[in-house]
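S.K.: Requesting a structural model of the entry that follows:
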Amino acid sequence: MLKEYSREEADFSVSKYEIVPMLLNGIIDKINQAKEAERAKSYAEKGFYLGRATGIIDALRNMLNMSDEVSNDLDS
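M.R.: Numbering: from 1, shown residues only. Sure thing, here's the model as predicted:
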């Protein structure tokens with residue numbers, strides 16, 4: 001019975017060049033969901049989605065190589 005719920009192993013390794021566009025798309029999706037929640041006057045849901053977007057932004061910031069001038073400009 002438990003076998004029905006088991007997942008097959010998958011390769012989740014992606015390069016930084018693949019993950020950055022995925023994260024940017026995730027930010028856009030969460031902001032759009034927050035806009036929809038605001039239109040529906042569901043402010044708690046809006047805050048939830050904005051929090052998720054902020055978390056993704058933090059993940060992107062953590063990926064920056066801070067020894068590079070461009071990274072410092074992006075972070076400010």
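S.K.: what element comes up after the helix or strand that contains Lys30 heading to the C-terminus?
M.R.: Following DSSP states H and E, one finds Lys30 within helix 16-39. Beyond helix 16-39 on the C-terminal side, the first helix or strand identified by DSSP H and E is helix 43-63.
S.K.: buried residues in that following helix?
M.R.: Within helix 43-63, the residues scored as buried using 16 or more other CB atoms under 10 Å are 46, 49-50, 52-53, 56, 60. Bear in mind the C-beta positions are built from the backbone N, C-alpha and C, glycine included.
S.K.: Show me the contact partners of that helix.
M.R.: 16, 19-20, 23-24, 26-27, 30-31, 33-34, 37-38, 75 (CB atoms under 8 Å, 6 or more residues apart in numbering).
S.K.: neighbouring contacts of the helix holding Lys30?
M.R.: Helix 16-39 is contacted from outside by 14, 43, 45-46, 48-50, 52-53, 56-57, 59-60, 63, using CB under 8 Å, 6+ apart.
S.K.: Report the distance from stretch 41-51 to the chain centre.
M.R.: 16 Å (CA atoms, centre = their mean, to the nearest Å).
S.K.: CA-only coordinates of that stretch in CSV, if you can.
M.R.: Extracted C-alpha coordinates of stretch 41-51, given in CSV (Å, rounded to 0.1, in the frame of the first residue of the first chain):
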residue,chain,number,x,y,z
LYS,A,41,-9.6,42.2,-0.9
SER,A,42,-7.9,39.1,0.6
TYR,A,43,-5.2,41.0,2.4
ALA,A,44,-3.8,38.0,4.4
GLU,A,45,-3.4,36.0,1.2
LYS,A,46,-1.7,39.1,-0.4
GLY,A,47,0.8,39.2,2.5
PHE,A,48,1.4,35.4,2.1
TYR,A,49,2.3,35.8,-1.6
LEU,A,50,4.5,38.9,-1.0
GLY,A,51,6.3,37.0,1.7
